[in-house]
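Enquirer: Next one to model:
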Amino acid sequence: MPKETNRPTVLVTGSSGFLGQAVARGLRDSYRVIGFDLAAPKGPSDSFETIEIDLTSDDSVKAAVEALSERSGGHLVSVIHLAAYYDTTGKSNPKYDAVNVQGTRRLLAALQELETEQFIFASTLLVHAPSPEKGVPIDEDSPLEPSWAYPKSKAETEAMIAKERRRIKTVILRLAGVYDEDCRATFIAQQIARIFERLPTAYVFSGDLGAGQPYLHKDDLVEVFVRAIDRRGVLPDESVMLIGEEETLSYGNLQKRFGELIHGEHWRTLVLPKGLAKTGAWVQTEVLDQETDIKPWMIENSDDHYEIDISRARTLLDWKPKHSLADTLPEIVERLKEDPTDWYAKNKLEPSAVAASEPEIEQAEKRLGQPLERSDEEVEAAVEQHRLRTLWAPLSNVALGLWLVASPMTLGLFDPVGAPLPPALGHEIAEAAIRNARLGVSEIVSGLLVVAFALFGMYRRWSWGQWITTGLGVWIMFAPLVFWTTNSAAYAIDTLTGMLIPVFAVMTPPTPGISRRALAADDDRPLGWSYSPSSFTQRIPIVALAFVGLFVSRYLAAYQMGHIDGLWDPFFGPGEAPVRNGSEAVVTSWVSKGFPIADAGLGAFAYALDILAGAIGDRRRWRTMPWMVLLFGLLIIPLGAVSVSFIIIQPPLIGALCTLCIIQAAVTVVLIPYSIDEVLATIQYLWRAKRAGEPFWRTFWMGGPALSENQTPGPDLDRPASQLLKEFITGGVNFPGTLVASVLLGAILMATPLAFGSNPPLYYSDHVVGSTVIMVAVTAMAEVVRPVRFLNVVLGAWVAASPFLLDGGGMVGAFADIAIGLALIALSLPRGTRSEEHYGGWDRAIV
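Expert: Residues are numbered from 1 along each chain as shown. A predicted model of the protein is given here:
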């Protein structure tokens with residue numbers, strides 16, 4: 001910005017902030033404005049030039065003032081000191097003294113080296129004690145009695161300025177809360193947000209509903225600064241003025257106005273006793289480790305009422321406010337309704353909380369009624385280009401189909417064979433040769449069908465044939481289990497071939513059935529989400545873990561079907577079963593024999609489906625393939641519950657434990673938290689798309705358009721390895737110490753016979769509860785279902801009570817259960833540290 005020498009210079013500290021920029025704009029026609037701030041504002045400014053400064057550093061202040069002297073010629077007509085530290089915690093912070101008090105002292109001392117005519121300090125009316133009673137305004141001579149850290153620092157700074165000002169004239173402006181048509185007043189914005197979102201705290205208040213504080217419009221504040229500078233020659237050497245509107249709207253009055261303006265209804269507010277409200281706020285912040293915009297100090301001061309007398313400002317500045325908060329409220333609320341996310345962002349609230357609010361959905365509906373980002377023709381051309389590049393995929397399936405046709409002969413499925421009955425068989429079946437022959441016929445027929453439908457699917461009009469090919473691949477994986485084949489090679493080859501066929505049918509070429517509207521945009525984050533739950537960094541850990549589960553299950557299934565002679569188990573014995581170890585005892589128990597097929601093989605089949613369902617689709621699939629995401633969730637979550645249930649029943653019903661089954665269950669449980677966020681995003685999308693006018697079932701089966709606007713997808717796998725590894729582990733999941741400790745306590749409960757000598761029936765109870773505690777705690781590591789942890793409060797209460805209700809504990813076991821139960825209750829109350837991710841309005845459910 002070029003130097004200006006024809007206009008007097010004004011320094012504005014905190015110039016990059018909301019008020020600093022407004023003041024600079026108000027002064028630029030008459031004065032040259034130079035700004036001090038930690039960082040220059042983003043983008044060029046036509047109002048002022050910025051010098052970077054750190055008020056907590058002597059060297060930084062000295063260097064900044066020297067630069068200021070050079071640019072201003074050593075003469076300043078005024079300094080408007082807005083820079084300050086502020087937070088809403090109410091707690092003391094060293095920054096209050098370092099920035100507000102000592103930072104002002106440093107600045108004031110350095111300005112003595114320049115010809116500085118005036119120093120205007122932005123203080124707060126909260127340095128005063130509240131009005132003695134309603135209807136009695138305070139003035140500048142009223143007692144000073146700041147009640148929390150921020151106004152205390154302002155009062156200390158005022159005293160320091162009076163002592164250190166020397167020859168510089170000073171003006172102390174004790175300001176009311178500043179607002180404009182976008183609100184910008186922190187406490188009013190929070191009050192509006194609570195009512196807009198209908199939060200529980202919007203219906204309660206802990207103080208006098210008739211109490212309130214005055215406010216001040218931004219433009220009126222700017223006029224005060226302009227008049228104070230213009231009149232610097234006639235103002236006293238030291239002046240203090242209260243600045244604000246003389247009308248004070250009470251909290252109760254604001255509640256009613258906001259209720260009417262936002263929801264068109266009479267808003268009722270319940271007054272809570274202070275003790276109850278403070279206890280609730282303390283429990284929420286200190287015990288449950290949750291954020292809240294209502295702090296204990298606010299409750300303590302909720303009866304404080306302020307009315308102000310601005311006679312001195314009228315006299316000295318010939319000023320009175322031209323705006324009123326009461327008249328501006330309709331415009332504030334109207335702007336909120338027009339664009340909630342933008343309004344929240346301007347007021348430093350979290351936009352994701354309202355990203356799917358009714359006004360935002362209405363905006364989305366209007367956008368969806370207009371041409372989308374890409375036309376149907378452009379989408380069709382891109383899909384066709386992709387199809388032509390991947391014609392090798394269906395041809396690969398033709399090759400696999402032909403291999404299946406030939407494999408029964410090469411594998412000897414039609415040869416005579418004699419084999420003992422599978423050890424896990426619990427019902428009558430045909431002879432081994434007949435079972436193998438049936439599988440051979442199935443492979444020939446399936447292979448021929450795969451060849452036919454793979455070729456049909458190469459044509460655009462018959463692309464649906466790719467899904468039939470996929471279905472055939474699923475059957476090929478399942479067939480060896482149905483026929484209880486004795487041929488291990490056939491089982492292995494069918495598993496591999498059955499998994500590859502869907503890969504070549506619907507995962508490599510364009511996935512058939514996705515609507516052109518769904519593919520018209522690249523938007524990959526749901527409304528209000530800070531990441532895509534369908535990114536490959538989210539899904540790769542699931543697929544990798546599912547492979548581990550597949551390998552373990554296939555090993556167990558091989559024994560159940562008689563393909564191998566034994567299983568490995570280093571820890572558990574067989575109990576009373578006539579086998580070598582616990583794993584063999586469990587997988588040949590009456591429970592396993594009750595299934596018509598090998599239950600471990602069924603688990604392997606489910607893991608294979610998890611792998612396929614987890615890998616298909618791109619990072620938009622939460623909206624392009626909703627049915628697949630929900631199927632994926634149904635495969636993982638119920639499978640996890642079944643796996644844990646199987647572990648639960650082993651000691652009491654089977655009399656043995658299986659190491660490999662525990663590993664399998666652990667893998668399945670770990671899959672749950674990594675998959676839940678994508679399921680939630682899909683459910684949210686289906687509901688919101690329907691509200692935006694999209695047909696539900698068409699969207700469910702064929703996907704739908706993006707509801708967001710102008711979204712640019714972020715990087716996925718194209719990032720440094722360290723970032724990818726972090727995303728693999730923490731994508732949608734984090735590990736609060738409370739939940740990790742709960743998992744350890746669950747493991748201890750499962751091992752109480754070894755650790756504390758417990759016996760049935762108390763041991764059976766500990767085992768059942770311990771398994772459940774682990775599943776609950778691991779599931780709750782997914783932030784979106786963090787409240788699930790409260791189930792462990794109930795389980796902990798049972799553990800603590802169980803020694804008094806069940807035998808088998810002994811003194812050590814009883815004390816251990818009581819301690820573990822109480823610890824589980826305590827550990828399940830705090831939420832744990834929240835990540836920085838957001839989940840489209842679901843954040844409030846993460847309690």
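Enquirer: Poorly predicted segments of the stretch 351-500 of the chain, please.
Expert: Along the stretch 351-500 of the chain, the model assigns pLDDT under 70 to no residue.
Enquirer: need the helices for it, in chain order.
Expert: Using DSSP state H, counting those that start in this stretch, the helices of the stretch 351-500 of the chain run over 358-368, 376-389, 392-411, 432-456, 465-482, 488-502.
Enquirer: ok, and what's touching the shortest one?
Expert: With CB atoms under 8 Å, 6 or more residues apart in numbering as the test, helix 358-368 has contacts from 337-341, 354, 527, 688, 691-694, 705, 707-709. (Glycine included, C-beta is placed from N, CA and C.)
Enquirer: ditto for the third one
Expert: Contacts made with helix 392-411 from outside it, assessed by CB under 8 Å, 6+ apart, are listed as 413-414, 439-441, 443-444, 446-451, 454-455, 457-458, 466, 469, 476, 487, 489-490, 493, 497, 500-501, 504-505, 508-509.
Enquirer: run the last query once more with 6 Å
Expert: 414, 440, 443-444, 446-447, 450-451, 454, 457-458, 487, 489-490, 497, 501, 504-505, 508-509 (CB atoms under 6 Å, 6 or more residues apart in numbering).
Enquirer: re earlier: out of the helices of the stretch 351-500 of the chain, which gets nearest to Ile846?
Expert: helix 358-368 (20.5 Å; CB to CB).
Enquirer: May I see the buried residues of the closest one?
Expert: Buried positions in helix 358-368, judged by neighbour count with 16 or more other CB atoms under 10 Å: 359-361, 363-364, 367-368.
Enquirer: just curious, which of these is nearest to Gln650?
Expert: Ile361 (49.1 Å).
Enquirer: so what's the closest residue to Gly841 other than its chain neighbours up against?
Expert: Distances taken as CB to CB, 6 or more residues apart in numbering put Ala356 closest to Gly841, at 5.1 Å, once the chain neighbours are dropped. Counting by CB under 6 Å, 6+ apart, Ala356 makes contact with 527-528, 688, 840-841.
Enquirer: Can you tell me which of the residues you listed end up in helices?
Expert: Arg688 (DSSP state H).
Enquirer: mind giving me TSV with the contacts of Ala356 and columns for pLDDT?
Expert: Formatted as TSV, these follow (pLDDT from 0 to 100):
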residue	pLDDT
Leu527	90
Gly528	88
Arg688	94
Gly840	86
Gly841	84
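Enquirer: rewinding a little: can I get the helices of the stretch 351-500 of the chain in a markdown table with distance to Phe790?
Expert: A markdown table is the format used below for those (distance: least, CB to CB, whole Å):
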| stretch | distance to Phe790 |
| --- | --- |
| helix 358-368 | 30 |
| helix 376-389 | 46 |
| helix 392-411 | 48 |
| helix 432-456 | 48 |
| helix 465-482 | 38 |
| helix 488-502 | 39 |
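Enquirer: Any idea which of those gets closest to Asp599?
Expert: The nearest among the helices of the stretch 351-500 of the chain, by CB to CB, is helix 465-482 at 9.6 Å.
Enquirer: Which ChimeraX command selects the buried ones in the contacts of helix 392-411?
Expert: With 16+ other CB under 10 Å as the criterion, this ChimeraX line picks the buried residues out of these:
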select :440,443,444,446,447,450,451,454,457,458,487,490,497,501,504,505,508,509
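Enquirer: if we can go back for a sec, which one of the buried residues of helix 358-368 sits closest to Asp54?
Expert: Nearest member of the buried residues of helix 358-368 to Asp54, counting by CB to CB, is Glu360, at 39.3 Å.
Enquirer: related to what we said a few turns ago, which of the contacts of helix 358-368 are buried?
Expert: 339-341, 354, 527, 688, 692, 694, 705, 707-708.
Enquirer: Mind picking the two most distant members of the residues you listed?
Expert: Largest pairwise distance in the buried ones among the contacts of helix 358-368, by CB to CB, is 21.6 Å, between Asp339 and Glu694.
Enquirer: State the distance from Val552 to Val769.
Expert: Separation of Val552 from Val769 (CB to CB, to the nearest Å) stands at 25 Å.
Enquirer: Neighbour count: these two, which is higher?
Expert: Taking neighbours as other CB atoms under 10 Å, Val552 and Val769 compare with Val769 leading, 25 against 21.
Enquirer: just checking, that one touches Gly796?
Expert: No. With contact defined as CB atoms under 6 Å, Val769 does not count as touching Gly796 (8.7 Å).
Enquirer: Now the buried residues of helix 358-368 in a markdown table, please, with extra columns for distance to Asp59.
Expert: Formatted as a markdown table, those follow (distance: CB to CB, whole Å):
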| residue | distance to Asp59 |
| --- | --- |
| Pro359 | 50 |
| Glu360 | 48 |
| Ile361 | 53 |
| Gln363 | 50 |
| Ala364 | 52 |
| Arg367 | 52 |
| Leu368 | 56 |
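Enquirer: Out of the residues you listed, which is nearest to Leu827?
Expert: Taking those together and measuring to Leu827 by CB to CB, the closest member is Glu360, at 37.7 Å.
Enquirer: Could you find the closest non-adjacent residue to Ser532?
Expert: Counting by CB to CB, 6+ apart, the residue nearest Ser532 is Asp524, at 4.2 Å.
Enquirer: hang on, that neighbour packs against Gly714?
Expert: No. Contact status for Asp524 versus Gly714: not in contact, 7.9 Å apart, counting by CB under 6 Å.
Enquirer: so what's in contact with the two at the same time?
Expert: With CB under 6 Å, 6+ apart as the test, Asp524 and Gly714 reach no residue in common.
Enquirer: Most distant residue from the centre of this structure?
Expert: Pro416 (60.3 Å; CA atoms, centre = their mean).
Enquirer: Show me what counts as buried in the host helix or strand of Leu556.
Expert: For Leu556, the element it lies in under DSSP states H and E is helix 536-560. If you call a residue buried by 16+ other CB under 10 Å, then helix 536-560 has these buried ones: 536-543, 545-546, 548-550, 552-560.
Enquirer: Using CSV, list the CA coordinates for the helix or strand following that helix.
Expert: Using DSSP H and E, the helix or strand that follows helix 536-560 in sequence is helix 582-587. The C-alpha trace of helix 582-587 is given here as CSV (Å, rounded to 0.1, in the frame of the first residue of the first chain):
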residue,chain,number,x,y,z
GLY,A,582,-10.0,-76.1,23.3
SER,A,583,-10.2,-75.0,19.7
GLU,A,584,-11.1,-78.5,18.5
ALA,A,585,-13.6,-78.9,21.3
VAL,A,586,-15.4,-75.7,20.4
VAL,A,587,-15.6,-76.2,16.6
